[in-house]
Structure formats: structure tokens, C-alpha cells
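Student: any chance you can model this:
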Amino acid sequence: MRQLKGVLLAMISSSTFGLIPLFAIPALKEGVGLDSLLFYRFAISAVVVGIYLLVRRENFRVSLKELGTLFVLGAAYASTALFLTASYLYIPSGVATTIHFLYPVLVTVIMIAFFKDKISLPVIVATTLAILGVYLLSSGEGQGTISFKGLVMVLSTVATYAIYIVGVNKSCIRDMEGLKMTFYMLLVCAVIFLGNILVKGQGLDMMPSLNVAVYIFLLALLATLVSDLTLILAIQHVGSTTAAILGCMEPLTAVSMGVLFLGERFGVGQVCGVGVVLVAVFIVILSNHPGHFPVKRLIPAFLLNRRG
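Tutor: So this is what the prediction gives:
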């Protein structure tokens, strides 16, 4: 029963994360600026988590060194959110989400190059498949040609997210309690996007309608907060490996939502590209053995309770 509950929690987590474009794209099309949308997303989530921690009477204290690390890594996470969301305006959301999930391959490459992890045949195979998958996605027969600008944006998220994950796991905050780290990461992201709004002198966009407000709150609470919390619970129930594998369903969710609700269509080449990229990610995650890169590092580290 415990295993079944963990699997269901992991599926909820992956499904809700895959809903990000479903909520973000309509809000953007209704005139909410990208910075404002992301500020709302992270600020609302941070407030909810903060209230929860206050009710639990958790200690919010962090050292100056930890605060600096949180800010640097939060900036990497904010960059990921910015470019991934912006890419939805240029390429189909399913393609964007799938390309983004090349990050486990890059994480493994970074660990081999800078932290002397041993290279293995599965890594070589996965990297080759990932390159092939991206090629198929960028040259498919869907709705015209895939925008080069959108492709560059989403590929940049592979780098920023990989750097973020490696940084968290190799920094002074690696032992910080999961929910506490989640709160600070969300708060840092909210502060960064608010600062960006103030620097640009644009002002915070108001929610133009009740529908947009609903989209934004669902983005913050369902696609951000619920996804994060259910992932932590899933790891506690079934462990990192199963939770990570089920997390690879996220691109499939995004593809399905894009086709069903956002009017996106994929050609045969792009469909094959989705499959090839997912196979590459599965290979990297499943190649968890002594001397190789632990599966839990493929999961956003601030979501991990160290008991997972």
C-alpha cells in the first residue's frame, strides 16, 4: 500500500509540473508580462510555504554563507523558469519541456568533467540519443519550422538547471531541510523577478480578469507548490529512483496538454524526437550504480528531504 501511494504521489507530481504551459501560456496571451507572471508564481508559492513553516514553528535562520549560496543558485533556478516559460511563446510547449529534460545528461557530463565521475557506456549512448532527439525535434513537420530563438532559450535552461542541481549538491546548503530550502529558493526567485520589474520600470502587471487570476493561482499552487511537495512525499515512500523515473513523465504531460488544450500539433519527426529524448533520460537515470552519478541528483535538490 505504501509503494502504491508513493507511485501515485510521483505521478501527481509529474503531471502537475507538466501543467505549467497550460496555465502560463493563456496568462501571457492575456497580456500579463513574463516577469510579472513569474513573480506571481514564486511569490504566491513562497507565501504559502512560509505560512506553513510558521505554523510548524520552523527555524528560518540561515548563515550569511548559506544566504549567498541560496541567492546564486536561486538565480540559476530563476533563469531556468524565465527562459523555459519564454520559450513557450516561440515553440510548442511539449517540445520545450522535452528539450529541457536533457538536463540529466548535462548533469552527468559536468560530474564526469569536473568531479571525476567515471564515464560509462550508458552515458555515451544517452548523450548520442539526446543529440539525435533534439535534432528530430528541431526539424520536425509540426506547425512550421521550430523557432531558432525558442530553441536557444530552452537549450539554455538545460545548462542553468544542470548547474543549479550540481551546485546545490556540492554546496554548503546540501544538508538544509527540504521545505526550508524550498521556501528560500522560491523567495529568491520572487525577489529576482520583482527586482527585474523595478529595474525595467514597467510596474507589476495586474491580473486583467478573473480567468487570468485563476490561471496564475493554479500555476503557483498546483503546478509549482503541489508538484514540489508531492515529489518530496513520493521520494519518502518509494525512493529516489522510482520517483525520478516517474518524473520523466513530465514531458509527456506537457505534450498531451499542448495537443489537447493549446492547439499544438506534432509531425512524425517531432513525435520520434520526444520518444528518443525520453529514452536518453531514462538511460541516464537508470544507470545508477557505484561510482556513477546518484539518481537523487537528477531531481531538483531543494525539493529533496534528506531522508529520501
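Student: okay, CA-based contacts and neighbour counts for the rest of this
Tutor: Noted.
Student: quick check: buried residues in whichever strand or helix holds I51?
Tutor: Following DSSP states H and E, one finds I51 within helix 34-55. Within helix 34-55, the residues that count as buried by 16 or more other C-alpha atoms under 10 Å are 34-46, 48-50, 53.
Student: ok, stretch 208-218 next?
Tutor: For stretch 208-218, a neighbour-count test (16+ other C-alpha under 10 Å) marks 212, 215-218 as buried.
Student: returning to what we had before: which other helices and strands does the helix holding I51 contact?
Tutor: helix 20-29, helix 64-87, helix 178-200, helix 210-220 (3 or more C-alpha pairs under 8 Å, 6 or more residues apart in numbering; DSSP states H and E).
Student: check which residues of the third one are buried.
Tutor: Using 16+ other C-alpha under 10 Å as the burial criterion, the residues of helix 178-200 that qualify are 178-194, 196-197.
Student: phi and psi next, for V62.
Tutor: phi -140, psi 150 (degrees, to the nearest 10).
Student: okay, and V109 sits in which element?
Tutor: helix 103-115.
Student: pLDDT of that helix, averaged?
Tutor: Average pLDDT, helix 103-115: 78.
Student: next one, pLDDT for C189 please.
Tutor: pLDDT for C189: 94.
Student: okay but it is in contact with F42, surely?
Tutor: Yes. Counting by C-alpha atoms under 8 Å, F42 is a contact partner of C189 at 6.3 Å.
Student: tally of neighbours for I112?
Tutor: Number of residues near I112 (other C-alpha atoms under 10 Å) recorded here: 16.
Student: ok, now A113?
Tutor: Neighbour count for A113, taken as other C-alpha under 10 Å: 12.
Student: what's the answer for G33, then?
Tutor: Residues near G33, counting by other C-alpha under 10 Å: 18.
Student: give me the nearest residue to it, chain neighbours excluded.
Tutor: D205 (6.5 Å; C-alpha to C-alpha, 6 or more residues apart in numbering).
Student: tell me the contacts of the one you found?
Tutor: Contact analysis of D205 by C-alpha atoms under 8 Å, 6 or more residues apart in numbering lists 32-33, 36.
Student: for T80, see how far away it is.
Tutor: With the distance defined as C-alpha to C-alpha, to the nearest Å, D205 ends up 21 Å from T80.
Student: all helices of the stretch 201-308 of the chain, in order?
Tutor: For the stretch 201-308 of the chain, helices defined by DSSP state H, counting those that start in this stretch occupy the ranges 210-220, 227-247, 250-261, 268-286.
Student: weakest of the ones you listed by average pLDDT?
Tutor: Averaging pLDDT over each of these puts helix 227-247 lowest, since it has a mean of 59.
Student: quick revisit: and the gap between the residue nearest to G33 and G18?
Tutor: To G18, D205 is 25 Å away according to C-alpha to C-alpha.
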